[in-house]
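Trainee: generate coordinates for the sequence data below:
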Amino acid sequence: MVACPLCFNLVNIDTLKGIDKKAYSYCNCCKLIFASIDDLLSLEDEKNRYLKHNNGIEYPGYVKFLNQAIEPVKELLLSNMECLDYGCGPKPTLSILLTQMGLICNDYDPIFFPDLPQKTYDFIFATECFEHFYYPKKELEIIKSHLKPNGYLVLMTTLWDDLENFSSWHYANDDTHVTFYHAETLKYISELFGFSILQIIDNRVIILQNANLG
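Mentor: Numbers count the residues shown, from 1 in each chain. Next comes the predicted model:
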């Protein structure tokens, strides 16, 4: 029996055909689409896949890409605020950009920078990593526990919006992309973890605020 890795629903799960060979399931409760556990890469294969990416401060295209997450919250980023780049990958770049702006930014990645500081942050950025989460609820629990009251979570992941077109959706055609979110999934996440959805930009950049002070 397949369980949703976000809401743990066991009943209202449908099978779904994707663009690649992975087997997918669709949760009718939280609208998450997720790949079969049998199709998840090993840690070593996943690491090797990430090492092939052309990421780093030396790539202007990548810097421009990351600025999509920074620009919408620029007025909220105050000097000496503490930030975390969650899922920074092998060549941290966003933290360099934020440091250049006078902010403090730590790097975390479960594969490349696994030592997560035991502190809370004003901002947590998670750019293009939500779709890589094998266990999204667990990852969100970690993120929530490291976010200050009223702190901001800025994430980038392309939201799906049409089940009928999922079988041809290019965003799923990546061995490391295994979880896909809908706008309704974000509502579920926000209600579960006490976030307020402040903005969704171009179906890709999502700004949440930690509204639960308890």
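Trainee: wait, doesn't S167 sit right on K17?
Mentor: Yes - the pair formed by S167 and K17 meets the contact definition of Cβ atoms under 8 Å, at 4.7 Å. Bear in mind the C-beta positions are built from the backbone N, C-alpha and C, glycine included.
Trainee: surely T99 is within a strand?
Mentor: No - with DSSP: H, G, I helix; E, B strand; the rest coil as the criterion, T99 is located in helix rather than a strand.
Trainee: which residue sits closest to it, ignoring its sequence neighbours?
Mentor: C105 (5.8 Å; Cβ to Cβ, 6 or more residues apart in numbering).
Trainee: thought the one you found was touching T93?
Mentor: No - between C105 and T93 there is no contact, the gap being 10.6 Å when judged by Cβ under 8 Å.
Trainee: rewinding a little: the residue nearest to T99 in helix, strand or coil?
Mentor: Secondary structure assignment for C105 (three-state DSSP): strand.
Trainee: if I look at it, how far off is V154?
Mentor: Counting by Cβ to Cβ, to the nearest Å, the gap between C105 and V154 amounts to 12 Å.
Trainee: the more surrounded of these two?
Mentor: Relative neighbour count places V154 above the other of C105 and V154, with 25 against 21, counting by other Cβ atoms under 10 Å.
Trainee: was I right to think that one contacts A126?
Mentor: Yes - between V154 and A126 there is a contact at 7.3 Å, judged by Cβ under 8 Å.
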